[in-house]
Every structure is written in C-alpha cells, then in structure tokens.
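Enquirer: need coordinates for the below:
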Amino acid sequence: MNYIELLKTTTDRYNSIVCLGLDPVLEDIPLDKGTPGERIAAFYEGILDRIVKEKVYPASVKPNYAFYAQYGFNGLQALHRIIGLYRAAGFPVILDVKRGDIGKTAEAYSREAFEFFGADAVTLSPYMGYDSISPFMKNFPDRGYYILNKTSNKSSGDIQDIDTRGEPVFLHVSRKILDWYHPGIGAVVGATYPEQLEKISAIFGASGKEVPLLIPGVGSQGGSVAEVMKVLASGDWRLHRINSSSAINYAYKKNPGMDYASAAVKALKELNDEIGACL
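Expert: Okay, here's the model as predicted:
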C-alpha cells in the first residue's frame, strides 16, 4: 500500500491520529545502566511493551534523528533498533531528519532514511526547491514526505511569514506542495498557529488532493487540540497526525509513584481521548 493508504489503515486500526514523538533526553530517562544508546533503547522498549499490554495505541511514531545522533554510533544503533521494534509492532515510523539537499546528496539521504533505517516517512526542508524533494519521491514512491510548511517554533515567522507577491511565504510553500504533488507528500504545520493551519488546510482541501498534515506543538509547546481538530474535522481527519513528544515520554514527572512506561501510556490515552472528544 502507499503512504496515504497506510495512514488511513492505521488510523482505523488504532482509533488514533496521535503521532508519538520518540525524542530521548538522557537526563530525563530514569534508567541508569548501560551506554546512552542502551538506556535509550530500553526506555522506548519499555514504553512499547506497555502500549501493547494496555492496548492504548498511537497511530504513528516519530523519532528525531538528532536526539540519537548526538551520541554517535551508539545512539544511531539505538535509533535503528527502536525503528525496527516499533515497525514490527505495526506502527508507521516518521523519521524526523529535516533533510534539504539536492541531487546525489538527496538520493543518499533518501536511501539512509528508507533503506538503512527503514522509515515509512521523512521530514524535508523545501528551501532548495523541487530538486531537494524529488529524489525521495522518485526512488521511494510509496513512502511519505512531510515538507516543512509553517513550523511550530516561535521564530518560524522570520522567514515563513515574509510577505511576497501578496501573501506569506508559507502559503507559497503550500501551493508548491500541490505543484509537486505525489501521493504521500504532506506538510508540517504547527498546532501553535491555528489560523495559519486553517489557511493551509483550506488550500489543500480546495485542491481535491489528499495532503497529510504532521502537526507538532501540542502539549509542552502550548498548541490546542480543540483548535486543531476544529480544522481537521472538516475533511478526512484520518490522514493527519498530531504529534506529542515530551508530554508523553516524560509524563512520569507529573505522576509521582507511577513508573515511566505506565505514565507515558496514561498520557497517550488522555491525548487520544481528548482528540476523540472533538470529533
């Protein structure tokens, strides 16, 4: 199946559109034995085991490459292992790498993400244009490609909100995503900017093309699930993924006496329920 079909299938299977960010912060991992990579792998294996046991599921997971690469080969080995474990358990993996180069370099990045790590989708920067996106789609036509569109960080407006030819850059990027369209191409749009999310969603909806959104920024960044779902519910919401990382990963900090895996699954269930209540 292609990536669009994978998204819909997993939404239906898990009754969720949550994307669980797998972003290890070693100082916050309550395990003290082993190398950094071993501790990271054990931490996320523990959460996965609890997810399966409790039958409380995300619809996707999203490891951020940099959080692992900072520990060198040891961290990257952990990333490779975690991707394999979560995919084997049936969860699509979005590898958050934000690549943005051209030609042979982009081809090499695509093979790293899809062949070596075995990801189902990647995040990509559009700054260098179609030359930086097309190698991923050409070489791996059944995968997913989330283009940075309107990101959740505070300074995203430094470039993304610049007015050019009568509208902000982020809307030009939205229209380029449609120009570049291939089933599986999507957009990263932050929950912290609901008005911009609505404008972007309207452009994609009017096109008649299925453009999946990856929506970070709920939880610790302050984005509102209700505001996001107000936008998504007007279309086929099964395509989209609302990402939460630290609020789930380290939920044990707000649940004294609860082990980290149980606390993470509790937070995951609460987010699933909050989203479900908006439908």
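
Enquirer: now the helices for the stretch 151-279 of the chain?
Expert: 157-160, 169-179, 194-207, 225-232, 246-249, 260-276 (DSSP state H, counting those that start in this stretch).

Enquirer: which of these sits closest to Lys138?
Expert: Comparing the helices of the stretch 151-279 of the chain against Lys138 with Cβ to Cβ, the closest turns out to be helix 169-179 (15.7 Å). To be clear about C-beta, it is placed using only N, CA and C from the backbone, and glycine gets the same treatment.

Enquirer: what segments of the stretch 101-250 of the chain are strands?
Expert: Taking DSSP state E, counting those that start in this stretch as the test, the strands found in the stretch 101-250 of the chain are 121-124, 144-150, 163-164, 167-168, 185-189, 213-215, 241-244.

Enquirer: need the winner for burial among the ones you listed.
Expert: strand 241-244 (a mean of 28; mean count of other Cβ atoms under 10 Å).

Enquirer: distance from the biggest helix by length in the chain to the middle of the chain?
Expert: Assignment by DSSP state H gives helix 36-54 as the longest helix of the chain. On the basis of Cα atoms, centre = their mean, to the nearest Å, helix 36-54 sits 19 Å off its chain's mean C-alpha point.

Enquirer: and if you look at stretch 97-110?
Expert: Distance of stretch 97-110 from the chain centroid (Cα atoms, centre = their mean) equals 18 Å.

Enquirer: repeat that for stretch 3-18.
Expert: With Cα atoms, centre = their mean, you get 13 Å for stretch 3-18.

Enquirer: okay, the helices of the stretch 151-279 of the chain in TSV with mean pLDDT, distance to Ala42 and mean neighbour count next?
Expert: Output for the helices of the stretch 151-279 of the chain, formatted as TSV (pLDDT from 0 to 100; distance: least, Cβ to Cβ, whole Å; neighbours: other Cβ atoms under 10 Å):
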stretch	mean pLDDT	distance to Ala42	mean neighbour count
helix 157-160	98	38	14
helix 169-179	98	38	18
helix 194-207	97	36	17
helix 225-232	97	30	19
helix 246-249	96	14	21
helix 260-276	98	10	19
